[in-house]
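In: sequence first, predicted coordinates after that:
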Amino acid sequence: MADQCVFCMIAGGKIPSAKVYEDSQFFAFLDINPVNKGHTLLITKRHAATLFELNQQELQNMGILIQSIAKGVYRATKPEGIKIEQRNGRAAGQVVDHVHFHIVPRYNGDSEHKTTKYSSPQEAEQLARAIANNLH
């Protein structure tokens, strides 16, 4: 299953992405269908379908990274708010069966039912670097 998982392929470099962060356990990248520009996904490199499959240490480390990445997104995009979301199972709206957190810049009056697009891969890469440079 992990060899067919789109997030495992992204973390493994088989599918290109605008990388925000990477270490031995985690990978963060810009969502290709963002609610707003800067919408970042944080995933585990180890395939785990839901939050319930993570061990305590992974969950603690992921929590620390969520805060760091949220700060980077906030500093790079200057939103009016940040939304952090995580879903487990189809009934909760999970689309990709790999544990992931959405870190989404939000603006008054925007809609989470509409996605935006980057004008080019270069724009996405530039924003990913700006977020990465503003972590912690």
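Out: Here it is on my side, so go on. Numbers count the residues shown, from 1 in each chain.
In: now do the contacts for Ile66.
Out: 42, 84, 101, 103 (Cβ atoms under 8 Å, 6 or more residues apart in numbering). The way it works is simple: take the backbone N, C-alpha and C, and place the C-beta from them, glycine included.
In: just list whatever residues bridge to the first one.
Out: Judged by DSSP bridges, the bridge partners of Leu42 are Ala28, Phe101.
In: that older thread, if we only consider the contacts of Ile66, which is nearest to Ala76?
Out: Ile103 (11.3 Å; Cβ to Cβ).
In: follow-up on the earlier one: scan the contacts of Ile66 and report the most crowded one.
Out: Greatest neighbour count in these, by other Cβ atoms under 10 Å, goes to Ile103: 27 neighbours.
In: quick one: that one is in a strand?
Out: Yes - assignment of Ile103 by DSSP: H, G, I helix; E, B strand; the rest coil places it within a strand.
In: wait, it sits on Ile82?
Out: Yes - Ile103 is within contact range of Ile82, at 6.6 Å (criterion: Cβ atoms under 8 Å).
In: hey, what's in contact with both of these two?
Out: 70, 73.
In: for Gln4, phi and psi?
Out: Backbone torsions of Gln4, given as degrees, to the nearest 10, read phi -110, psi 0.
In: any idea how far Gly12 is from it?
Out: 12 Å (Cβ to Cβ, to the nearest Å).
In: geometric centre of the chain: which residue is closest?
Out: Nearest to the mean C-alpha position of the chain, by Cα atoms, centre = their mean, lies Leu41 at 0.7 Å.
In: great, nothing more from me.
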